[in-house]
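Chemist: attaching a predicted model along with its sequence, questions to come.
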Amino acid sequence: MKGFLKSIFFGSVVLASSLATACKIRDFTWDDNLAEHVVINYVTIGTKPVESSNPATKEMLAELNKILTEKLNAELKITYIPEEDTQKNYDIEVKKQDGSVDLIGTATDWLDAWSYVKNGSFSKIPKDCLEEYAPLTYAQVTNDDWLKCAYKGDIYLIPENKYKQWTNHGFMYRMDWAKEAGLENGVHSWEDLTEYFKYVKENKPDVIPWDSNGDISSYHGEGYIQSKTDFIILEGINVSRMFGVSRKNLEKVYSPFYEGDELIEYAKLMREWNNMGVWKESVLHNISDNRKNRDEFYAGLSSVEQHHCQTWYTQVRPEMNKRQPGSDVEFFWFGEESKNITPMSITHGAMAVSNYSLNKGRALAVYDLLRNDPECYRLFNYGILGADYEIDENNHRVLPANYDSNRRIVTNFWWGRNDDLEIRDALSDWDKFNEVSTLYESLQFETDYSQLIWDFTKIEVQLKNIDAVWREFMGDICYGQDEDPEALVAEFRSKLKLAGIEDVLVELQHQVNFFNASR
């Protein structure tokens with residue numbers, strides 16, 4: 001075992017004048033001087049806790065940094081990127097070249113990781129450096145998975161490949177009300193969901209079927225198409241996830257938002273929902289609070305909540321069991337009708353090292369401890385035992401009897417969670433987790449396109465134009481705001497054509513062809 005690793009895993013720090021490796025990137029070296037105490041800055045998405053009212057994270061970091069100091073002569077600080085204007089603020093932080101940023105939480109499908117690889121913000125991570133500084137993590141990733149983290153043969157990302165989660169979206173609904181509506185087996189199609197809403201509207205006068213906040217994201221439009229077709233989204237094209245392939249023809253790029261009948265049928269159904277009163281008339285102006293509908297669902301004043309599967313079995317279903325006993329909240333997942341589900345990319349959450357970090361080796365070593373050392377992992381994810389959580393007789397996490405409800409750990413470590421070290425929350429419905437995991441794993445269909453890194457140089461202008469058209473029309477389509485939905489879709493598609501969508505389709509097809517030919 002190399003000297004640096006011995007200092008990490010076998011006792012106190014070996015204060016060496018330097019530790020040389022063969023790893024050099026630009027003018028910055030991976031050599032590390034353990035005699036120098038360093039602060040590793042970790043960038044994540046989220047709101048920084050107010051320490052005066054919620055000191056949990058500060059107290060946890062104090063304990064964690066004692067361990068990091070003993071083992072690595074380092075400590076950790078966290079920089080939070082607010083969820084308002086996330087991409088703009090993230091971009092500013094990630095591009096800093098003053099050496100103040102070290103570890104960066106990222107993703108290829110929602111934080112545009114590959115663009116930061118291409119512009120030089122993220123560092124190459126040579127395999128010998130991974131093996132030297134992050135040996136436990138390195139051993140957990142297969143060669144095939146390292147390829148998914150590489151650009152032009154060099155590794156830039158460390159994947160969150162040791163954590164099973166399901167973030168496919170859908171509608172959570174009340175099974176007790178579904179049975180009242182005559183849906184004895186629950187909601188399993190968009191037609192079932194329509195019948196459910198009709199019953200609620202006619203029989204629950206104090207309930208808004210779905211008090212949507214008017215977000216014009218594509219989740220339920222995309223969800224309808226995924227349910228009615230075998231459309232598979234091509235990830236990493238950050239224009240409303242509207243380009244993909246079909247399971248019947250994996251080599252042909254198309255957009256069901258630009259062609260086909262599904263978007264027309266969806267627009268007609270949303271007009272029907274609008275006329276039924278599924279949401280408020282002011283839905284497109286009702287965007288101030290994205291938690292409002294969930295709070296109303298908990299209070300029995302809304303009949304569905306739209307979010308992803310993990311939210312259902314870890315948060316909403318358990319909470320509804322407490323607040324609305326007998327509600328038996330179930331999940332209608334997008335794609336259920338066509339059994340169309342794809343596994344999430346291992347780079348949906350990933351860790352990068354800033355190319356301008358002055359402590360790349362130490363940053364990797366800190367990450368390795370956060371991901372793999374039981375004491376560090378549990379501190380960083382759950383807080384201080386006794387103050388933030390306790391372990392019950394089933395080895396599940398529970399809140400201490402004297403728990404201060406203001407306390408909440410905010411590290412948002414979505415880039416290195418590890419099922420080997422997870423302590424399951426006692427409140428989550430793990431039977432449902434096991435049920436959906438078995439189902440999804442039996443149905444999931446995976447392509448190799450997660451390894452395709454797009455080049456948007458020739459179509460950057462067209463993609464911006466398409467995004468502008470999307471924002472202009474999709475709110476009206478998703479919430480049935482036009483009396484003639486078919487004409488609205490036709491106008492939307494006409495403007496997509498003017499925006500250059502056909503040029504985009506040609507270029508994406510060219511890149512898919514090249515990718516397939518090169519394998």
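Modeler: It's in. Everything quoted here is computed from the prediction, not taken from an experiment. Numbers count the residues shown, from 1 in each chain.

Chemist: do you know how far residue 474 is from residue 174?
Modeler: Counting by Cβ to Cβ, to the nearest Å, the gap from residue 474 to residue 174 is 28 Å. Quick note: C-beta positions are derived from backbone N, CA and C, even for glycine.

Chemist: those two: which is more packed in?
Modeler: Higher neighbour count among residue 474 and residue 174: residue 174, with 27 against 18, using other Cβ atoms under 10 Å.

Chemist: so where's the stretch 151-300 of the chain uncertain?
Modeler: Along the stretch 151-300 of the chain, segments meeting pLDDT under 70 span 216-218, 287-290.

Chemist: which residue ranges form the helices in it?
Modeler: Using DSSP state H, counting those that start in this stretch, the helices assigned to the stretch 151-300 of the chain run over residues 175-180, 190-203, 219-228, 262-276, 292-298.

Chemist: among those, single out whichever gets nearest to residue 164.
Modeler: Nearest of the helices of the stretch 151-300 of the chain to residue 164, taken as Cβ to Cβ: helix 219-228 at 21.1 Å.

Chemist: the closest one vs helix 262-276, what angle?
Modeler: 120 degrees (axes from the mean of the first three to the mean of the last three Cα atoms, to 10 degrees).

Chemist: neighbouring contacts of helix 219-228?
Modeler: Contact with helix 219-228 is made by 169-170, 189-190, 231, 233, 241-242, 256-257, 262-263, 265-266, 269, 306, 334-338, 340, 474, 477-478, as judged by Cβ atoms under 8 Å, 6 or more residues apart in numbering.

Chemist: pull out the buried residues from the residues you listed.
Modeler: 169-170, 190, 231, 233, 241-242, 256-257, 262-263, 265-266, 269, 306, 334-338, 340, 474, 477-478 (16 or more other Cβ atoms under 10 Å).

Chemist: in strands, which of those appear?
Modeler: Taking DSSP state E, the ones among these that sit in strands are 169-170, 231, 233, 306.

Chemist: what count of nearby residues applies to the residue nearest to residue 482 when sequence neighbours are not counted?
Modeler: Excluding its sequence neighbours, the residue lying closest to residue 482 (Cβ to Cβ, 6 or more residues apart in numbering) is residue 488, at 4.2 Å. Using other Cβ under 10 Å, residue 488 has 19 other residues around it.

Chemist: now swap in the one 4 residues further on and tell me
Modeler: With neighbours defined by other Cβ under 10 Å, the count for residue 492 comes to 21.

Chemist: that one should be in a strand, yeah?
Modeler: No: counting by DSSP: H, G, I helix; E, B strand; the rest coil, residue 492 is not found in a strand; it is helix.

Chemist: isn't it up against residue 471?
Modeler: No: with contact defined as Cβ atoms under 8 Å, residue 492 does not count as touching residue 471 (11.3 Å).

Chemist: quick one: residue 331 is in a helix?
Modeler: No: per three-state DSSP, residue 331 lies outside any helix segment and is strand.

Chemist: wait, it touches residue 168, no?
Modeler: No: using Cβ under 8 Å, residue 331 is not in contact with residue 168; the gap is 9.5 Å.

Chemist: overlap in contacts, these two.
Modeler: Going by Cβ under 8 Å, 6+ apart, residues that sit against residue 331 and also against residue 168 are residue 309.

Chemist: show me the contacts for the residue nearest to residue 482.
Modeler: 267, 473, 476-477, 482.

Chemist: and the residue nearest in space to the middle of the chain, which of the three is it?
Modeler: With distances taken as Cα atoms, centre = their mean, the residue of the chain nearest its centroid is residue 348 (5.7 Å). The three-state label given to residue 348 by three-state DSSP is coil.

Chemist: so it makes contact with residue 106?
Modeler: No: between residue 348 and residue 106 there is no contact under Cβ under 8 Å: 10.2 Å.

Chemist: give the buried residues for stretch 93-110.
Modeler: Buried, per 16+ other Cβ under 10 Å, within stretch 93-110: 93-94, 100-110.

Chemist: now, the residues you listed that are in helices?
Modeler: 93-94 (DSSP state H).

Chemist: okay, residue 29: pLDDT?
Modeler: Looking at residue 29, its pLDDT is 57.

Chemist: next: residue 147.
Modeler: So, for residue 147, pLDDT stands at 92.

Chemist: once you drop chain neighbours, what's closest to it?
Modeler: residue 451 (6.2 Å).
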